[in-house]
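> Just the structure for this:
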Amino acid sequence: KANLKLSPKKCRFFRNEVSYLEHIISEDGVKTDPEKTKAVVGWPRPEAVHDLRSFLGLYTYYHRFVRNFSAIARSLHKLTEARSNFNSTEECEKSFNSLKQALITSPVLTYPRTDKEYILVTDASNEGKGAVLSQKIGNEECVIPYFSKSLVLTTTNDPCFPNEVQKAQLEDPAIRPILETKLNSEDLPSWQEIAPESPATKRYWAVWDSLHLKDGVLYRKWESNDGSSCRWQLILPKSRIQEVQRETHDSASGGHFGVMKTLSKTRERFYWDRLRADVEKWCRERLACGARKRPKTRTKGRLQRAIMWAHLSKESF
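Numbers count the residues shown, from 1 in each chain. Just a heads-up that it's a prediction; the model follows:
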């Protein structure tokens, strides 16, 4: 009926479980390949970046089986960065052992059941976010998958973060005059002092009272009209705008939303000059969004009033 053809050499029938893509699939669910977990038990401590990347590559493949994977592996991922010296610390050693233990004791991921309620537990911090999707089957709560992701461009306890963002802000010609003035004094500069600067700098100057320094980084304090809510928006340098737009619109969590939803999502954490215009342009130029957008051309003629005593004719062939 479906015109499908099967190769007998590649098929296995009447099996309780099969090995597929380094996973063991059975009627109970999906679990890790025992051959891989055996290799993990005796995995020596990485002595070079190449060894560490091989170790993390295996765990990234099995990240669905490890709760809070991104948070546990964060210190190890930092060692693989190009700017980082390979200097293993006590925290890295702890992360290495925690990952090994987590994979060895990883649960069997159950299949979703439409007749059972889903249980979603989420958690977030300044460094990342995580979630567990599960279902209660009998008296046991069974995990479907684990999810975790590190956050980018957010205030962390890493002492390097404020320095990096401050450096990027100082390299932006529109933000630099405002940041340098804020670092020296909270007094509003006069118009004569700001007049030689660019139009973008003048627009930042216009919202001077809402700009504040946190750890040497420039933020904008936004408050609702009734004063019931408040949030801190990072003043984003021009060099980071595209990175944020890809994350808030193009990524899997972005959802390819329209202008207003993307604008609201961006304003929750960031602020920059001409933000609305940049978001509108970004959404308009995305090919995937344009392909799904309905055309606005009229499919029918515009209704008009008939003229009295006019002659109407129709020819048929």
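> which outside residues touch stretch 177-185?
For stretch 177-185, the surrounding residues in contact (Cβ atoms under 8 Å, 6 or more residues apart in numbering) are 166, 169-170, 189, 194, 197, 201, 204-205, 208, 211, 213, 216, 218. From N, CA and C alone the C-beta is placed, and that goes for glycine too.
> again, but for stretch 22-35
Outside stretch 22-35, the residues touching it (Cβ under 8 Å, 6+ apart) are 16-19, 36, 61-62, 65, 103, 106-111, 142.
> Now do the phi/psi pair for residue 245.
Backbone torsions for residue 245, taken as degrees, to the nearest 10, come to phi -70, psi -40.
> Next, the closest residue to it other than its chain neighbours: secondary structure please.
Computed as Cβ to Cβ, 6 or more residues apart in numbering, the closest residue to residue 245 that is not its neighbour in sequence is residue 282, at 4.9 Å. For residue 282, the reduced secondary structure class is helix; criterion used: DSSP: H, G, I helix; E, B strand; the rest coil.
> dump the residue contacts of residue 282.
For residue 282, the contacting residues are 245, 249, 262, by Cβ under 8 Å, 6+ apart.
> Would you tell me which one of those residues comes nearest to residue 223?
When the contacts of residue 282 are compared for distance to residue 223 (Cβ to Cβ), residue 262 wins out at 22.1 Å.
> and residue 43, that's in a helix?
No - counting by three-state DSSP, residue 43 falls outside a helix, being coil.
> my guess is it meets residue 52, correct?
No - Residue 43 is not in contact with residue 52 according to Cβ atoms under 8 Å; the separation is 10.8 Å.
> so what's residue 189 scoring on pLDDT?
Model confidence at residue 189, given as pLDDT, is 82.
> Over to it. Which of the three states is it?
Per three-state DSSP, the local secondary structure of residue 189 is coil.
> what's the neighbour count on it?
Neighbours of residue 189 under the rule other Cβ atoms under 10 Å: 16.
> Is it in contact with residue 206, as I believe?
No - applying Cβ under 8 Å, one finds residue 189 not in contact with residue 206, separated by 11.9 Å.
> Now for those two: what residues contact both?
Residues touching both residue 189 and residue 206 (Cβ under 8 Å, 6+ apart): there are none.
> got a pLDDT number for the residue nearest to residue 274 when sequence neighbours are not counted?
Distance criterion Cβ to Cβ, 6+ apart; nearest residue to residue 274, sequence neighbours excluded, is residue 200 at 7.5 Å. On pLDDT, residue 200 comes in at 91.
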